[in-house]
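Colleague: whatever this is, show me its structure:
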Amino acid sequence: MAPRLFATGAVLCALMACTTPPGPAPQEQVGASPMRQALGSAPPGVASNVWQDVRTFYERRADEPLWTREPDLAQAVAAVDVLQQAPEHGLATADYLNDDLARALTPEIQSDGESPANDAQELARLDVRLTSALLALGHDVALGRTKPETIDPRWKSRRTPPDFVGTLSEAVRVGALGTWLNAVRPVHPEYAALQKALTTLWAQEGSRRAGDRARRLAINLERWRWMPNDLGERHILVNVPAFHLVVREQGRTALEMRVVVGKDGSETPIFSSRMASIVFSPYWNVPDNIGEGEVIPAAASDPDYLFRNEIEVLRPGKSGNAVIDGDAVNWSDAKAVKPLLFRQKPGPVNALGHVKFLFPNPYDVYLHDTPSEGLFAREGRAFSHGCVRLEHPVALAKYLLRNRPEWTDEKIAAAMDQATEQPVPLPERVPVHIVYFTAWPRAGGGVDTWPDVYGHDARQAAVTQGRQAPAASSTVKTSAAPTAPAPAKKPATAKKPATAKKPATPKPAATAKKPARKPAKK
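Modeller: Numbering: from 1, shown residues only. Alright, predicted model coming up:
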């Protein structure tokens, strides 16, 4: 464990001597009680939300001091001991028990006994400073010392703040100040397991040898502070660095699989939502940036590109989007093609595969099947435009529809191989959490780690240390999508049929595997 500082009542008396005196009291505070004067302005470096809690704490105490009211300052010693618990949570004691307090840990205060009023003011200031330090540490343990937006503007904190004043007051009342941080820390067992791993690492290796391993654990502890308090009794969790999805029920794994996530420049965003519906045999509505950057150039260079990949061309109008003949489009006329939209019909070459899973979010990110099954055999699987591709989409569909007896395995297989898409609303919206953890505790002990695929660890470490964070590798995107099919020449003998053919029916396997695929036409 990281070493703690030693403090005694005499040492804490010294804290009063080195407390930075505040500026002149406002005129209206002249004659006010020492505590009222101490609460007149926040100590340096105390955040506004922490200071509001400090003032509320003393309002509930009718401005009575707490830590300095006993001659031996026993409560103040207990408060300092809590501050020295910071390393157990991956934080630094010096950020709360700061330099001038640390310098006061040796000499005893010399008092001439002639200034009782000044002594009372110093005691009040010390009381407020200790409360401010405790509540600052509590805020950081509970909600994080950094903000996720500094790592990626799309990444938002999702935890409901605990009652800092209420829990601190209660801990003091029942004599349990030493365990107060446990009342405000994240409630998830993974946090406690990582905290235990960090404490063990400190004890076995010491602060110097622990080095990068300790920093990685601290970074991942911080990310649990941004997670919702309640993940859901049943929920889906996608861990981007692990390229892994798990469905959990009451803490137990019900289903898991490999996934493909966003590539460099199209990173999958980190957020939480709720699964709203399944769409069988989906259309793929091609995003504008992919249509302009990939589909239009491919159609211009390869006359059979749209037919071979079953992509329809739509022209927006007052009455809606109308499907038009791609052969009639002058693809070299930039003005004519700019307003066009594209969608890929359901079928075996569809970029979304046979099914997609929708959960509302501002990024147009969803889970979906894929015809590119070979990617799941790779160790690193960051290849998509931001959406999450599933290794076993049939298994997830069966799981989500398991309480609807009409959705038999045969009906699911048929729905995944039809010419029109079929949305199926889910009566129970299952929470979905897309997360970014590069360290995860194993059930039997130990910690699994993965590479920092998006560089979020490096940016977070820089922000925590007050350095300029490395630039993100991508621009922030508002939508995610699969990759458009690559252009390729079709053999001259191939003929375009008068009507589009329906793809061959995929045959479901006995286990929860994907339907067999029909190769794309060459």
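Colleague: going forward, measure contacts between C-alpha atoms and count neighbours the same way
Modeller: OK.
Colleague: what comes up buried for stretch 350-369?
Modeller: Across stretch 350-369, burial judged by 16 or more other CA atoms under 10 Å covers 350-359, 363-369.
Colleague: correction: the previous question concerned stretch 436-454.
Modeller: Along stretch 436-454, the positions that meet the burial threshold by neighbour count (16+ other CA under 10 Å) are 436, 437, 438, 439, 440, 441, 449, 452, 453, 454.
Colleague: for it, what is the distance to the chain centroid?
Modeller: Using CA atoms, centre = their mean, to the nearest Å, the mean C-alpha position of stretch 436-454 is found 15 Å from that of the whole chain.
Colleague: and what of stretch 433-440?
Modeller: Offset of stretch 433-440 from its chain centre (CA atoms, centre = their mean): 7 Å.
Colleague: farthest-apart pair in the buried residues of stretch 436-454, please.
Modeller: The two members of those with the most space between them (CA to CA) are 441 and 454, at 20.7 Å.
Colleague: tell me which of the buried residues of stretch 350-369 fall in strands.
Modeller: Helix and strand membership here follows DSSP state E; of the buried residues of stretch 350-369, those in strands are 355, 356, 357, 358, 367, 368.
Colleague: checking my notes, residue 420 in a strand, right?
Modeller: No: Residue 420 sits outside any strand when classified using DSSP: H, G, I helix; E, B strand; the rest coil, being coil.
Colleague: contacting residues around it?
Modeller: When contacts are counted by CA atoms under 8 Å, 6 or more residues apart in numbering, residue 420 touches 281, 282, 346.
Colleague: please enumerate the strands of the stretch 351-500 of the chain.
Modeller: 355-358, 367-368, 382-384, 388-390, 422-435, 439-441, 447-449 (DSSP state E, counting those that start in this stretch).
Colleague: among the ones you listed, which is nearest residue 255?
Modeller: Of all those, it is strand 388-390 that lies closest to residue 255, at 12.1 Å by CA to CA.
Colleague: mean confidence score for that closest one?
Modeller: Averaged across strand 388-390, the pLDDT comes to 98.
Colleague: ditto for stretch 453-469
Modeller: 87.
Colleague: how close does residue 377 sit to residue 242?
Modeller: Taking CA to CA, to the nearest Å as the measure, residue 377 falls 14 Å from residue 242.
Colleague: actually, residue 46.
Modeller: 37 Å.
Colleague: those two - which one has more neighbours?
Modeller: A side-by-side neighbour count of residue 46 and residue 242, using other CA atoms under 10 Å, places residue 242 first with 26 against 18.
Colleague: you'd agree the more buried one is in a strand?
Modeller: No: secondary structure of residue 242 (three-state DSSP): coil, not part of a strand.
Colleague: pLDDT at the closest residue to it other than its chain neighbours, what is it?
Modeller: What sits nearest to residue 242 in space, not counting adjacent residues and going by CA to CA, 6 or more residues apart in numbering, is residue 450, at 6.1 Å. According to the per-residue confidence, residue 450 scores 97 in pLDDT.
Colleague: pretty sure residue 450 contacts residue 240?
Modeller: No: the pair formed by residue 450 and residue 240 falls short of the contact definition of CA atoms under 8 Å, at 9.7 Å.
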